[in-house]
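Student: Kindly return the folded structure for what I paste below:
(one chain, ligands or ions: 1)
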Amino acid sequence: MSTTLITGANRGLGLEFARQYAADGWDVIATCRNPEKSEELQQLRRENNKVSLQALDVASGKSVAALALGGRPVDLLILNSAIYTRNGNKIGEIDYDAWREANETNLMGAVRVAEALLENVVASKRKQIAAISTGMASMQALKATFSFGAVYQYRTSKAALNMAMSILAKELEPRGVSVVIFDPGWVQTDMGGANAALTPQESIGGMRRVLAGDPMSLAGKFVGYDGGTRPW
Ligand SMILES: NC(=O)c1ccc[n+]([C@@H]2O[C@H](COP(=O)([O-])OP(=O)(O)OC[C@H]3O[C@@H](n4cnc5c(N)ncnc54)[C@H](OP(=O)(O)O)[C@@H]3O)[C@@H](O)[C@H]2O)c1
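Tutor: Numbering: from 1, shown residues only. Here you go, the predicted structure:
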């Protein structure tokens, strides 16, 4: 049976990934900063003995290095953790410390986890890495609409994530590892807010359908939860 490891699995899209893959019979390694404080994950583990919980702060090199997987294969590594800061994002008000934190989590956090778990992914059958990005990282989308506002910290950290994951896809293709970048859509979570267009069930259901195909057909692509190609 296949194994997935998910970052930021305690709420929002990460939790829904954990729920859906667990319901589908996968082994799920659900990671988050404070597993003992996540009632939803504790409950999921009680309901399903294929779910295990591990502490992981993607912004901390020490925490990532302490992740205890041994040589366990990871078929699908889901780099989901991110922060979206609403303040300090307009010119004249830029919060540089918050911007650094956004890069530490959204950009370097994802690369750090992928680097640390690369051999676990290589040892698996599927050999797939999915990075959760956003349509807000797209240059084309920014030209078309400014409806979400400036949001320097989040947009640039995710645009850089797209480049980092595109490079990773190139680096890892010779080893048979597929790296795909997702736009999950605008989803009802703490980050997306209650007015978002999609439920977590719809977004994750869509991404899981896309991920179920041949991993290599997705390598290096920026795709939506609906499977459509997204512009850079
Ligand atoms: N919701 C949307 O509309 C939307 C749209 C486009 C893209 N996305 C992307 O989808 C992904 C999931 O978003 P979401 O809507 O589920 O957001 P969310 O509800 O705000 O959840 C974010 C998750 O990231 C975790 N996280 C933050 N910093 C972390 C760190 N240093 N180490 C480990 N985990 C950390 C949070 O953990 P804590 O509980 O410990 O803070 C939480 O589990 C993100 O990459 C986001 O950018 C979301």
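Student: Can you give me the distance of the closest residue to residue 76 other than its chain neighbours to the ligand?
Tutor: Nearest non-adjacent residue to residue 76, counting by CB to CB, 6 or more residues apart in numbering: residue 4, 4.3 Å away. (Each C-beta comes from the backbone N, C-alpha and C, glycine too.) For residue 4, the distance to the ligand (CB to the nearest ligand atom, to the nearest Å) stands at 15 Å.
Student: wait, is residue 4 part of a strand?
Tutor: Yes. Assigned with DSSP: H, G, I helix; E, B strand; the rest coil, residue 4 falls within a strand.
Student: For the protein, just list every one of the strands.
Tutor: 3-6, 27-32, 51-55, 76-79, 128-132, 178-183, 222-224 (DSSP state E).
Student: For residue 171, grab the count of nearby residues.
Tutor: 12 (other CB atoms under 10 Å).
Student: Residue 164 now?
Tutor: 18.
Student: buried set for the longest helix along the chain?
Tutor: In the chain, ranked by residue count with DSSP state H as the criterion, the top helix is helix 152-172. Buried positions in helix 152-172, judged by neighbour count with 16 or more other CB atoms under 10 Å: 152-162, 164-166, 168-169, 172.
Student: What parts of this protein come near the ligand?
Tutor: 7-8, 10-14, 32-33, 56-59, 80-83, 105, 109, 132, 134, 184, 186-187, 189-192, 196 (CB under 6 Å from any ligand atom).
Student: In helices, which of the residues you listed fall?
Tutor: Those of the residues of the chain next to the ligand lying in helices (DSSP H): 12, 13, 14.
Student: Just give the number of residues close to the first one.
Tutor: The reference is to residue 12. For residue 12, using other CB under 10 Å, the count is 22.
Student: what's it in contact with, if anything?
Tutor: 187, 189, 190, 191, 192, 200 (CB atoms under 8 Å, 6 or more residues apart in numbering).
Student: Filter these down to the buried ones and hand me the ChimeraX line.
Tutor: To isolate the buried members of those in ChimeraX, using 16+ other CB under 10 Å:
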select :187,189,191,192,200
